[in-house]
Each structure stands twice: as C-alpha cells, then as structure tokens.
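Student: 3D, please:
(chains A and B)
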Amino acid sequence: MKFLSFFVLAVALSSVLWASSPLLAVEPGEMLKDPTLEARARALSKELRCMVCQNQSIDDSEAPLAHDLRVLVRERLKAGDSDTQVIDFLVARYGEFVLLKPPLSWHTAALWGLPPAALLVGILAIVVVVRRRRTTARAEPNLTAAEEARLSALLRGES
Amino acid sequence: MIPELGHYALMLALGLALIQASMPILGTRSGDPVLMSMAAPVALAQFVFVALAFGALAICYVTSDFSVLNVFENSNSAMPLLYRLTSIWGNHEGSMMLWVSILTLFGALVAVFGGNLPAALKANALAVQAWIAAAFHLFILTTSNPFLRIADAPLEGRDLNPILQDPGLAFHPPLLYLGYVGFSIAFSFAIAALIEGRIDAAWARFVRPWVLGAWMCLTLGIAGGSYWAYYELGWGGFWFWDPVENASLMPWLAGTALLHSAVVMEKRGALKVWTILLAILAFSLSLIGTFLVRSGVLTSVHSFAVDPRRGIFILAILALFIGGALTLYAVRAPQLKQGGLFAPISREGALVLNNLFLTAACATVFVGTLYPLALEALTGEKISVGPPFFNATFGPLFMPLMLAMPFGPLLGWKRGDLLGAAQRLLAAGMLAALAIAATFALVHGGPVLAPFGVGLAVFVMVGAVIDIAERIMILRVPLGAALRRAVGLPLSAWGTAFAHFGIGATLLGIVAVTAWGSERIAAIKPGETIEVARYRLTLDGMFDRSVANYRERVGHFTVRRASGELIGAMEPSRRTFPARNMATTEAALMTRGVSQLYVSLGDPNPDGTVSVRLYFKPQVLMIWLGALIMFVGGGLSLSDRRLRVGAPRPARKASAALQAAE
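Tutor: Got it, this is the predicted structure:
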C-alpha cells in the first residue's frame, strides 16, 4: 500500500530525496547508553513527525532532519527533561505540526469529536428508526367490523 | 504507430461510453426495448477498445519504445520483462489506464452475465457504469495521456522507481483496483434502482457476488501492500496509517459493512435504504481514494495548487458522482418501501451493530485522513494526524466489533436468543480466559492490555469454530452424521466462519508483533555477533554482487539458536540503481513457524563497521495469513449455490437449477 505514496513521492515530488544515500532510521551512534532513557527516547520519537517527510515519525525516517531531531530529543532527555518538557520544547520550536497526535484544542475539536459523535449519532439513528417502526407497526389499522365478523365466521368453520 | 492506435482506440472508447451512457436511459424512459438492449453490446465494444488501448501501451513497454514519453520516464530496457510490464501501472498515466480497463471489464461482465436481470435495471446500471467510464476516459485523454511522444527518442529509459521493482508489486495495484472498481457495480446498480424508484431482495442477490468479489480483491490487495511495505521498506512496519493506506482501508470498511447489510436485505428484505446508501458510499470512498492518491494533494496542499489540472478534474468527477448520487438518494430513498421487522436481539440486529461500528470506524479513518488537508486549505494551519491518533480512536471502535462478532452467526433471524448464544460461546470464552492467563504467565514485558488482545483474538477464532461445530452438531450426533452435515452445510456458512476466523488470526498477529516484537540496532564488524530473542547472528563478511539493472552490497550472516545450533544463513543487502542513482534496502527474512527474523543493513561506517537492524517479529505472518483466510472465506461464500443462482453466470443452467429447486 505504501508504494502508492512512493509514487506520489517519486512522481510528484522528485527523486532528490532518495538520491542522497539513505541511512538506517535510528543509527547505533545515536543511541543512549542508559536503556531506560533510550526507551523513553524511542517512545517519544514515535510520536514526533519528521517534518520534511510524508507522514513518517522521526523514529522511522532516514532524512537528515529526523536524525537531528532524534539527537535533539536525546540531548534534552540527558539534560534531565521530562517527556512533556521535551514535547513542549519541540512544539515551541516547530509548532504543532511536529506532533503526530494533535492535542485537543478548538481547531482539532472536530477531529477528536467525530469518532465518538459518529458512534452516538449512529446509535441515536437506530433508536429513532426502531421507535418509529414500532409506532407505525402499532398504528396499522385494526380489522374493520365487517372483517371481524368474517374472521369469526371463518374461525367457526363457516364460509 | 502502435501508440497512436492506442490513443485512437481510447477516443473511440470515449465515444462508445457516451452512447452507452445515454441511449439505454432514453430507452428506459420511453420504454423502448431496442434502445435499452443497446447497453450490453456497446459495453462489450467499449471494453474491447479500452483493452486495445491498454494492449498498445503494454506493447510500448514490452518493446521498450522510448519515443513514448511515459515509457521513457518509467521503464528501462535492462529491466526483466515482469517489471517492464508492471511499470505500466507504476506511474500515474498507466495506472489510470489500468483503472478504466478494469472498470470497462466489469461493465462487460455485467453485460455478458446479466442475462436474467430485469431489462430496465440492466440498461440503467450499464448506463451509470458508462457515465463513470466516460468521465475517466476524458480525464486520461485531456490530462494524463500515456501515448504522448518525444520528438527525439532517447536510447535508454529512466527506469522504474527501484522501490517498485518487486514481484509483490506486480499484483498489488491490479488487486486493489479490482476492489475499488468492483464497488462501481454496486454503485451503478444502486443508482439504477434509485432511478427506477424500485428495489427488492433480488437486487441484493444480484449485487452481493460483485461486492464479495471486490471485497476479496481489496482484502488481498491491502494485505499484499502491507506485506510489501513490511519487507521492502526496511524497518519491518506492516501498517503506517498513511493517507494512501487509509484510502484503501476506507472502501474496505464500507464494503465490509455493505457485504453484511446486503445479507439482511437479501434474506429478510430489511435495511434496503441503508444498503443502497452503503453501496453509494463504498464506491464514493474508492473515488476519494483515487483522488487522494492521484491528485498530488497528499504531498502538500501547495503542490496541488501549483499544478491543479489533474486534481481539479478528479475533484470535479468526485463532486459530480458523489454529489449527484447523494442528491438522487435524498430525493428517492424516502419513496423506497421499507421491509422486514425484527427484534433488536436477532441476526439482523447483530448485523446492524456490525454496520454501526464499521461505519463509525470508517468515519474515523475518513476524518483523520482528510482533516489535516481541510484545515490547511481553510485556515493555513498545519497539523499532523498520524498513527497515535488512529490507534487511540480506531482501536476502541474495532474492539467491541470483534467482541460481538462471534455472537452474530449464532443468533437466529428475526428474534434471537442471546443467552443461548452466550452459552454456546462459553467454550470460546473459557479458552480466551486461558489464553490471557497463559500469556500473562509465560510472556513478560509488553503493554498490560496486550494479553487481553490475545484473548480477544482467541475468542473470535474459537467462536468461528464453534459456529461450524454447532451447525454440524459435532459431539452431539455420531461422527459420520456430523461429517455428512458438514458436507451439506451451505458454503456461505463456511465462508462466514473462515472470514471471521481470519480476522481473529490477523488480530493475533498484530497484537503479538506490536507488543512483543524485539529489536537490536548495532554497528558491527565482520566476525561479530548480535542477538535478538533466542537467536544469534554472526556477520561472516560483506561482498558485492552485480545483477541486471542494479549492484548490491550483501552482508552474509550465520544464524544460530542461543544453544549454538546452526539454523541457516541470511543475506540482507543494499542495492544501488545507477539509472536513477537511488539506493534501496533489501531486508533478509527467515521464517520460524509463523514468526520471522528480520535483518536489514545500513551503510558501512568509516571505522569498518556496518549498521545492522535486527528484529524478531513474533507471529507476524498471522497478519497476512489471516487476510488470506478471509479471502478464502469470501471465495467459499462466492461459490455458494445460492449466489450462483442469484448471479446469473451460466444463465440457462442457473435458471434451470432454480426451477428444479422450487
């Protein structure tokens, strides 16, 4: 599936990005000695976007910018920042675009609101339709007096 | 000469499409059977001319005719024949040619096999099909002509993007398009029914096999693309929530919902209005997918604005078809007769629940994919919506669906017995609980919720087995009788069980590999060893190899168990393609049961070491095996006699069988 996006990359953009010899995403040299800090860095990297790439986290991307950001995240962590502080630092520098999970705010309210809203509206629609069906079913006209008489006659076995 | 013939054939196809789009409709309006009967032969002729155009393009590729701009830009005479053929659809123009080829193929199939359809329905549906075809022929001819020539023909082509030179990609786009475009049949029949203002269970019976076929192709296409990304992109991810992936997931979700609601319509005459809407939506989402991928809007809203011709054209097609269809729906749907009452706890009720969650999940993917584009276009503000968003929203919608899934087939039509179904699923629940406990006891690390994911997957899979066991009454009647019942069981019941089992299997794979996959990244020298999970890999050495149109630097690894026992060798490499000056990573995979070892190489470092990424991917193959099982389930369902009767393939034989059955 991903290939179509590479069409777009390769056809619509250019192959310049790829002409530079690609490296591994996370390189051995970048990794921190402390495994807990490194694990935190990896987890953070998965939430951050490589801004020059198409929909890749800095953890996945081979672009030089992603490399710089990975190093930056690790430097902040080594300096003793908490996860939130690292995120805040990057958002202050690069804007919300850097976050792969946009925070809830007025301009993302529709984004976050729609999934639960879709479910609720669906449930509501089903309830309404079921109710209306039930009332129309009940409102089906009963038998007229003549029909009643004919029915009871039939039931008695006369025809 | 050949490309000109192809170009001309495509123009003739456009002319035929216009005739097919107008005459049959005039016929149904005026009740003229001659005009109505034009639809089928014209649809066949249109397909023949589109096939000729596609064939002409194929000849240009096979013979490496670099005087054709499209061939020059995307092919190379040094490539093997397979890739010269697949590069036809490895670019914008060629893939649009594939799109219309499949579209007209489906039109021709309806023309040939639609013998016992009501004449007016068939004529209208084929006309609608031709509207779509005409729009896309016009799109190709005016904005994406693959037959353009270059004055001075170059000696060599620019090569296909190396990342696409892979056997897995030979079949991925055609399968995906078969799925996308297959939904056009459901769409055309929905519009035809709305034009007539009449719809019944026979409609569902005719449309369902097409939807099923499209769904099968789409399932396999998505799975194939996912596996390709897994082994080709070099970091072992299988799903990225990339907009282009979402573009194929949305029609799949809507199509899955359609498949289920059409069952209700066919069996019980209920949910007609809803099924029509889903048929419209499934194809509309396919069109939106085409727009997203083809317009360049994904790379950036700005690049779309710089050269908007193609984008605007597809957007106009979208607006025309989706807007037109929904308007027609709004006008006509209230007039359609409602049918079939049912209690909330019933098979129908379960299928409504299925539709509720699938549609909500589809809406989630839709908003997540398009929201950033819309926000940037409207306010200029840029946000990113990536995997963390989808994991947080899509997951919670899909989990209840999976939990409810085993109950559906065990409930009766009209009024079901939930308690009875729960009792019959007791064994599945117990096995799931056992699986959760065992996972907690045996596997360490990973998210706390992961064992519950395993439990859910086990519940779904065992639930599917119980469904079959209940139907053939195994353990309750003698074995021979049970086997006879198994043979006599409708194939569609087997299909349901397979498809449901498959989705459980896929879930198991996803949970296991996400929660317990392990990774080692290191820079090593030849002779050094790295370990992951219970495996040890020694880098024996690096060597160079020259193949066809690329060179590669290969690392040779010996793989041993932790105990030292030799298992085999793995050879990941990095390839350089001189024609485009591009490099790709070729990961090496070793399958152990349904798990895999995965190695990919980085560039050599100045100090003589090479960067290596080593993964252990537990149960990873279950993801795609599950999709394969779903595909088989679809196939079983498709070959059910009931559908064969409904889908009038061998028209005469089928109607004879129908008479015999009644």
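Student: buried stuff in the helix ranked longest in chain A?
Tutor: Secondary structure of chain A per DSSP state H: the longest helix is helix A:109-139. The neighbour-count check on helix A:109-139 (16 or more other CB atoms under 10 Å in any protein chain shown) flags A:111-112, A:114-115, A:118-119, A:122, A:126, A:130 as buried. C-beta here means a position set from N, CA and C on the backbone, and glycine is covered the same way.
Student: Low-confidence bits of chain A, can you list those?
Tutor: Counting by pLDDT under 70, chain A contains low-confidence ranges at A:1-25, A:136-143, A:158-159.
Student: how about the residues of the stretch 501-650 of chain B near chain A?
Tutor: B:521-523, B:580-583, B:585, B:600, B:602-603, B:605, B:611, B:613 (CB under 8 Å from any CB of the partner chain).
Student: List the ones among these that fall in strands.
Tutor: With DSSP state E as the criterion, strands contain B:521-523, B:582-583, B:585, B:600, B:602-603, B:611, B:613 from among those.
Student: Tell me which residues touch the nearest residue to residue B:226 once chain neighbours are set aside, please.
Tutor: Closest residue in space to residue B:226, ignoring its immediate chain neighbours: residue B:238 at 5.0 Å, by CB to CB, 6 or more residues apart in numbering or on different chains. Contacts of residue B:238 were listed using CB atoms under 8 Å, 6 or more residues apart in numbering or on different chains, and they are B:226-227, B:229-230, B:510, B:513, B:620, B:623.
Student: ok, now residue A:114?
Tutor: Counted by CB under 8 Å, 6+ apart, residue A:114 has contacts B:363-364, B:367.
Student: so which strand or helix has the spatially most central residue of chain B?
Tutor: The residue lying closest to the centre of chain B (CA atoms, centre = their mean) is residue B:218, at 2.3 Å. In this assignment (DSSP states H and E), residue B:218 forms part of helix B:201-232.
Student: what comes up buried for that helix?
Tutor: B:201, B:203-232.
Student: do stretch B:587-607 as well
Tutor: Buried, per 16+ other CB under 10 Å, within stretch B:587-607: B:587-590, B:592, B:594-602, B:605.
Student: Which members of the residues you listed are the farthest-apart pair?
Tutor: Farthest pair in those (CB to CB) is B:594 and B:605. Separation: 34.6 Å.
Student: what's the pLDDT at residue B:437?
Tutor: Residue B:437 is assigned 92 on the pLDDT scale.
Student: the helices in the stretch 451-600 of chain B, which residues?
Tutor: Secondary structure of the stretch 451-600 of chain B by DSSP state H, counting those that start in this stretch: the helices cover B:479-488, B:491-516.
Student: try chain A
Tutor: Counting by DSSP H, the helices of chain A are A:2-7, A:16-19, A:35-47, A:64-78, A:83-94, A:109-139, A:145-155.
Student: where in the stretch 401-550 of chain B is pLDDT low?
Tutor: Applying pLDDT under 70 to the stretch 401-550 of chain B picks out no residues at all.
Student: on that earlier part again, residue B:188: which of the helices of chain A is closest?
Tutor: helix A:2-7 (25.1 Å).
Student: Taking the centroid of chain A, which residue is nearest it?
Tutor: residue A:101 (7.8 Å).
Student: so how far is chain B from that residue?
Tutor: Taking CB to the nearest CB, to the nearest Å as the measure, residue A:101 falls 4 Å from chain B.
Student: If you average the pLDDT over the helix holding residue B:218, what comes out?
Tutor: Here the average pLDDT along helix B:201-232 is 90.
Student: how far off helix B:491-516 does that helix point, in degrees?
Tutor: Computed by axes from the mean of the first three to the mean of the last three CA atoms, to 10 degrees, the angle separating helix B:201-232 from helix B:491-516 equals 30 degrees.
Student: Tell me the helices and strands packed up against helix B:201-232.
Tutor: Judged by 3 or more CB pairs under 8 Å, 6 or more residues apart in numbering or on different chains; DSSP states H and E, the packing partners of helix B:201-232 are helix A:2-7, helix B:168-196, helix B:243-268, helix B:272-294, strand B:582-586, helix B:621-638, helix B:641-646.
Student: Turn these into TSV, columns for distance to residue A:37 and mean neighbour count.
Tutor: Shown next, in TSV, are those (distance: least, CB to CB, whole Å; neighbours: other CB atoms under 10 Å in any protein chain shown):
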stretch	distance to residue A:37	mean neighbour count
helix A:2-7	31	23
helix B:168-196	38	24
helix B:243-268	32	25
helix B:272-294	39	25
strand B:582-586	28	21
helix B:621-638	31	22
helix B:641-646	59	18
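Student: check contacts around residue B:559.
Tutor: Residue B:559 neighbours (CB under 8 Å, 6+ apart): B:535-537, B:566-570, B:590, B:597.
Student: out of the residues you listed, which are buried?
Tutor: B:535-537, B:570, B:590, B:597.
Student: Now the residue in the stretch 351-500 of chain B that chain A sits nearest to. Nearest residue, chain neighbours left out?
Tutor: Residue of the stretch 351-500 of chain B nearest chain A, by CB to the nearest CB: residue B:386 (3.0 Å). The spatially closest residue to residue B:386, leaving aside those adjacent along the chain, is residue A:100, at 3.0 Å (CB to CB, 6+ apart).
Student: ok, that neighbour to residue A:51 distance?
Tutor: In this view, residue A:100 and residue A:51 are 11 Å apart by CB to CB, to the nearest Å.
Student: how about the helices of the stretch 451-600 of chain B in TSV, adding mean neighbour count?
Tutor: Output for the helices of the stretch 451-600 of chain B, formatted as TSV (neighbours: other CB atoms under 10 Å in any protein chain shown):
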stretch	mean neighbour count
helix B:479-488	12
helix B:491-516	23
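Student: Same list (those) but as CSV, adding distance to residue B:142.
Tutor: As requested, these are arranged in CSV below (distance: least, CB to CB, whole Å):
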stretch, distance to residue B:142
helix B:479-488, 56
helix B:491-516, 42
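Student: Of the ones you listed, which is nearest residue B:66?
Tutor: Using CB to CB, the nearest of these to residue B:66 is helix B:491-516, at 43.3 Å.
Student: Now do the closest one and helix B:243-268, the angle between them.
Tutor: 150 degrees.
Student: re earlier: residue contacts, the residue of the stretch 351-500 of chain B closest to chain A?
Tutor: A:49, A:55, A:57, A:100-101, B:241.
Student: Assumed residue B:12 was part of a strand.
Tutor: No: using DSSP: H, G, I helix; E, B strand; the rest coil, the assignment for residue B:12 is helix, not a strand.
Student: The residue lying closest to it once chain neighbours are set aside: which element?
Tutor: Closest residue to residue B:12 apart from its sequence neighbours, by CB to CB, 6+ apart: residue B:49 at 4.9 Å. Secondary structure from DSSP H and E places residue B:49 in helix B:39-62.
Student: Could you tell me which residues of the stretch 151-300 of chain B lie near chain A?
Tutor: B:161, B:163-164, B:169, B:172-173, B:176, B:222, B:225-226, B:228-229, B:233-235, B:237, B:240-245, B:247-248, B:293, B:296, B:298-299.
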